[in-house]
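A.B. asks: Have a look at this fold, sequence not included:
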């Protein structure tokens, strides 16, 4: 099984599907998303960490690659029974650490991309061929290929963590989802036993379901990823709260 | 075969794919759409009724669920050789009635969702696990599982029907498609032998193909679903006619 | 393997998937894109020519069909080990010529669509049934079916080619991709050894990677398709350059 994720929209992902099926017509392809936050490595890393652990063992191809065509390496990472193929910008590292066995030290390999047919579409020219080969022959045989070498070091992106503040927590917006929900890095238990919070100074009710407030009402809740998120029932939280990926948030419990 | 439908956009559907494949790595997954009209149960029910009958026997997972996290049940419905997994808000009922055998009384079961890991993403935590299990073991064995009980009653949503009016028909907009075509519930034979109609007072030609009128021209036609729809050739009918899902329409034949 | 491409958005492609699986529940379906440039046959033809050659031998269903319901034929085209099912408006011809064997003369058949259930959704009613049958029985048996006849002639769309001009090349915009990159028909070697070009009079640097210029900076580069394209690093080239599919471009080398 090969999963595919990118920020390519359409139709570029089809070229990757074709290349993968050209290497192995029986490969099973499963799309994760091709609408990952565009060129936002940290937000994409968050989504991959949320979604990929739902899958059984697979080869995960993930291309969010603002540095395409530069010196950044093409990387293969092994974690537990999963393998990842991605640019060496850390985008798959939070997912890989999540899927690693207890105490497993992650291993990574660099794939030579000097002969890529283009300098702008390594998804088609470097990453998909690598993922197809990796899926077909397995990690050990892949690592022995001529164009593959053990990685001395690699980018190990870690998502930022919220820190306690006087009356609450200082955190950051990790991403905004398709519904406009503003997903922060403040752990969900922050809302335990709390009826309302102040978000950057504005008070909103803390609830467990969207339907707990009228349509159009702002709210704070614990999202499916376990973090505090800010939403509007039947509306867009990002527009209401004026928040975007990367923004700082101060969340305070209202006593 | 498991079909997937939702209003989730991206990347949330990938979590459902992962869960389904975790239950059965050989399950065949086919996307219906993850862009169903957001939180619009009636419009989503229309689309499912239009599209699912094209499929061979399958397990249909369909999540448009404005009441997620509330008391509404998680439901499994059997109709003919098809099975449905959805919230108990009626979203799959028009499709289920369409796929039922002649005279078949629909059977439904409630899936206990008290232990769901989240209160906002039952697609991942309740519906996908149920669909995966149902697909793997079949309806009879599934119905015998501990967390499953026969449903005493369930929401049986029916799409509204147009009614005859003095000079034509009073109907409603069921949905607007991606092209901006305004799909009503007025049966297509309303246009038989008619050259033009008045839509809420405005006269437009009744034609059989978009290409029958110049680009930019408003028109009425019979859509692929068999209903009267209002369109603009190479344009958006919803914007031109000022109509949205749920709006009333008075359609009159022009003699 | 059956690939699917259209400009249908969602959820109409699901009806085609259902019909295909109804003809052959074991058929392997792979989406190319359902977001091809809407009703733009030439731009869609460009994308199909770029993407379909990445695939191993397959049946390619491609529906971009502004003339649906008119006299235009439904066509099956054979090229090498690939087969295409599409409206006879040329949309698959550049891809077919690309995939044809050396010196192969393309063969085509007309599929009778007189009995189509709708006049607006031949994707579901004509093209998908034809693709399903073609995939199941192969080209020879398909060609012998009652509703199929050899095509005397067919639309052979050719993408326009750029022409040399005094100080450079006169070309056209073939399409704009999801990133807003403006893809022209000027061959990439036009930029060999060039540091900057004038695009319709405006000078921009010619570079090999987006990252070679600061964010927000305009640029010309050779895209993954081998043509000159105009982009903005982390921005939309179409908006910056004021260019859309079909527009003329004069590109001049700056000495």
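C.D. replies: Done, it's in. Bear in mind that the values here come from a model prediction, so they are computed numbers and not experimental data.

A.B. asks: would residue A:20 count as being in a helix?
C.D. replies: Yes: counting by DSSP: H, G, I helix; E, B strand; the rest coil, residue A:20 falls inside a helix.

A.B. asks: Am I right that it is in contact with residue A:132?
C.D. replies: Yes: the criterion here is C-beta atoms under 8 Å, and residue A:20 meets it with residue A:132 at 4.7 Å. The way it works is simple: take the backbone N, C-alpha and C, and place the C-beta from them, glycine included.

A.B. asks: what is in contact with these two at once?
C.D. replies: A:2, A:27 (C-beta atoms under 8 Å, 6 or more residues apart in numbering or on different chains).

A.B. asks: more crowded one of the two?
C.D. replies: residue A:20 (28 against 22; other C-beta atoms under 10 Å in any protein chain shown).

A.B. asks: OK, contacts around that one?
C.D. replies: A:2, A:4, A:27, A:29, A:61, A:128, A:131-132, A:135.

A.B. asks: Counting neighbours, which of the residues you listed comes out on top?
C.D. replies: Result: residue A:131 is most packed of these (other C-beta under 10 Å), 32 neighbours.

A.B. asks: from what I can see that one touches residue A:2, true?
C.D. replies: Yes: here residue A:131 reaches residue A:2: they are 5.8 Å apart, a contact under C-beta under 8 Å.

A.B. asks: Can you check which residues contact both of the two?
C.D. replies: A:20, A:59, A:61.

A.B. asks: Residue A:175: what's its closest spatial neighbour, skipping adjacent residues?
C.D. replies: residue A:43 (3.9 Å; C-beta to C-beta, 6 or more residues apart in numbering or on different chains).

A.B. asks: typo on my end, it should be residue A:139
C.D. replies: residue A:78 is the one closest to residue A:139 (C-beta to C-beta, 6+ apart), at 5.4 Å.

A.B. asks: isn't that neighbour right next to residue A:108, touching?
C.D. replies: Yes: Residue A:78 is within contact range of residue A:108, at 7.5 Å (criterion: C-beta under 8 Å).

A.B. asks: quick one on the thing from earlier: adding secondary structure and distance to chain B, write the contacts of residue A:20 out as TSV.
C.D. replies: Below are those laid out as TSV (DSSP: H, G, I helix; E, B strand; the rest coil; distance: C-beta to the nearest C-beta, whole Å):
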residue	secondary structure	distance to chain B
A:2	strand	12
A:4	strand	10
A:27	coil	13
A:29	strand	11
A:61	strand	13
A:128	helix	18
A:131	helix	17
A:132	helix	19
A:135	helix	14
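
A.B. asks: Keep those residues, but drop any that are not near chain C.
C.D. replies: The subset of the contacts of residue A:20 within reach of chain C, by C-beta under 8 Å from any C-beta of the partner chain, is residue A:29.

A.B. asks: and the gap between the closest residue to chain C within the stretch 151-255 of chain A and residue A:35?
C.D. replies: With C-beta to the nearest C-beta as the measure, residue A:178 is the residue of the stretch 151-255 of chain A nearest to chain C, at 13.2 Å. Applying C-beta to C-beta, to the nearest Å, the value for residue A:178 to residue A:35 is 8 Å.

A.B. asks: what's the overlap in contacts for these two?
C.D. replies: Residues touching both residue A:178 and residue A:35 by C-beta under 8 Å, 6+ apart: B:9-10.

A.B. asks: hmm, back to that, near the closest residue to the residue of the stretch 151-255 of chain A closest to chain C other than its chain neighbours, how many other residues are there?
C.D. replies: Spatial nearest neighbour of residue A:178, chain neighbours left out: residue B:9 (3.2 Å); criterion: C-beta to C-beta, 6+ apart. Other residues lying near residue B:9 total 16 when counted by other C-beta under 10 Å.

A.B. asks: State whether residue B:9 is indeed within a helix.
C.D. replies: No: read with three-state DSSP, residue B:9 is coil and lies in no helix.

A.B. asks: Please read off the pLDDT at it from the model.
C.D. replies: As predicted, residue B:9 sits at a pLDDT of 96.

A.B. asks: thought it was touching residue A:180?
C.D. replies: No: Residue B:9 lies out of contact with residue A:180 (C-beta under 8 Å); the separation is 10.3 Å.

A.B. asks: Mutual contacts of the two, please.
C.D. replies: By C-beta under 8 Å, 6+ apart, no residue touches both residue B:9 and residue A:180.

A.B. asks: pretty sure residue A:24 contacts residue A:134?
C.D. replies: No: using C-beta under 8 Å, residue A:24 is not in contact with residue A:134, being 10.4 Å away.

A.B. asks: of the two, who's got more company?
C.D. replies: residue A:134 (26 against 16).

A.B. asks: Can you tell me what sits against the host helix or strand of that one?
C.D. replies: Element membership of residue A:134 [criterion: DSSP states H and E] is helix A:128-143. With contacts defined as C-beta under 8 Å, 6+ apart, helix A:128-143 is touched by A:2, A:15-16, A:19-20, A:22-24, A:27, A:59, A:61, A:74, A:76, A:78, A:83, A:85, A:109, A:111, A:145, A:148, A:150.

A.B. asks: Which of these fall within helices?
C.D. replies: Using DSSP state H, the subset of the contacts of helix A:128-143 located in helices is A:15-16, A:19-20, A:22-23.

A.B. asks: of all the residues in the stretch 1-150 of chain A, which ones are close to chain C?
C.D. replies: Residues of the stretch 1-150 of chain A lying near chain C (C-beta under 8 Å from any C-beta): A:8-12, A:14-15, A:17-19, A:21-22, A:25, A:29, A:38-39, A:66-70, A:117-121, A:124-125.

A.B. asks: Produce a ChimeraX select command limited to the buried residues of the contacts of helix A:128-143.
C.D. replies: Here is the ChimeraX command that selects the buried residues among the contacts of helix A:128-143 (16 or more other C-beta atoms under 10 Å in any protein chain shown):
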select /A:2,15,16,19,20,22,23,24,27,59,61,74,76,78,83,85,109,111,148
